[in-house]
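Trainee: pasting the structure only:
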């Protein structure tokens, strides 16, 4: 039983490692776009717009607020 609990306790650490790896990979790919101000503005605007779009979509799907 101890082996089972020990094995299951490794999954959250694995999940965090995978999420951080994806974040660092994407950041490295997008870092050159932050060198020029025009592309930096477009990049930040698109990230904010994506976040707002997902927020409104999930709120409408879950019925948290009238849209």
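Mentor: Arrived safely. Since the model is a prediction, treat every value here as computed from it, not as a measurement.
Trainee: so what are the domain limits for this protein?
Mentor: The chain breaks down by automatic domain parsing into domains covering 1-32, 36-67.
Trainee: how many neighbours does residue 59 have?
Mentor: The local packing of residue 59 (other C-beta atoms under 10 Å) involves 13 other residues. The way it works is simple: take the backbone N, C-alpha and C, and place the C-beta from them, glycine included.
Trainee: how far off centre is the longest helix seen in the chain?
Mentor: Scanning the chain for the helix with the most residues, using DSSP state H, yields helix 37-62. Here helix 37-62 shows a centroid-to-chain-centroid distance of 12 Å under the convention C-alpha atoms, centre = their mean, to the nearest Å.
Trainee: try stretch 22-31
Mentor: 11 Å.
Trainee: now what about it, what contacts it?
Mentor: Applying C-beta atoms under 8 Å, 6 or more residues apart in numbering, the contact partners of stretch 22-31 are residue 43.
Trainee: among the helices and strands of the protein, which has the poorest mean pLDDT?
Mentor: Ranked by mean pLDDT, DSSP states H and E, the weakest helix or strand in the chain is helix 2-8, scoring a mean of 87.
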